[in-house]
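Student: With the sequence up front, the predicted model follows.
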Amino acid sequence: MDILTLMSDAAKIINRIGRKRIRQALGVGETAISNVLSRGGRFPASWYGPLKELCDREGVDCPISAFNWRTGGKFA
């Protein structure tokens, strides 16, 4: 099994696009990117729009599984 198979979808995006370009597109610091990798390997859902646009421009797959979407929840 190769290393790319073991990487999370978010890690693959970071690897392909680069931390600097992602930080610039999102207006976040290095710590925010590092937190993605150390806390479950998924981007905050609020990053989806800008990252999807960046990935589309670069021809990089941007699966929704790379993001931490809110699930479940009870409605009154």
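Tutor: Received the coordinates, thanks. Numbers count the residues shown, from 1 in each chain.

Student: make it CA atoms for all contacts and neighbour counts henceforth
Tutor: Noted.

Student: Name the residues of stretch 40-47 that are buried.
Tutor: Of all the residues in stretch 40-47, those buried under the rule 16 or more other C-alpha atoms under 10 Å are Gly41, Arg42, Phe43.

Student: so, if you compare these, which one comes nearest to Ile22?
Tutor: Nearest to Ile22 out of the buried residues of stretch 40-47 is Phe43 (C-alpha to C-alpha; 11.3 Å).

Student: which regions of this protein sit below the pLDDT cut-off?
Tutor: For the chain, residues meeting the criterion pLDDT under 70 lie at 1-5, 72-76.

Student: could you pull out the helices for it?
Tutor: Counting by DSSP state H, the chain has helices at residues 3-6, 9-17, 19-26, 30-38, 48-58.

Student: quick one, which of those helices is packed in tightest?
Tutor: Comparing the helices of the chain by mean neighbour count (mean count of other C-alpha atoms under 10 Å), helix 9-17 comes out on top with a mean of 18.

Student: For that one, name the packing helices and strands.
Tutor: Of the remaining helices and strands, those touching helix 9-17 by 3 or more C-alpha pairs under 8 Å, 6 or more residues apart in numbering; DSSP states H and E are helix 30-38, helix 48-58.

Student: on contacts alone, who are the packing partners of the last one?
Tutor: Going back to what we said before, that points to helix 48-58. Under the contact criterion of 3+ C-alpha pairs under 8 Å, 6+ apart, helix 48-58 touches helix 9-17, helix 19-26.
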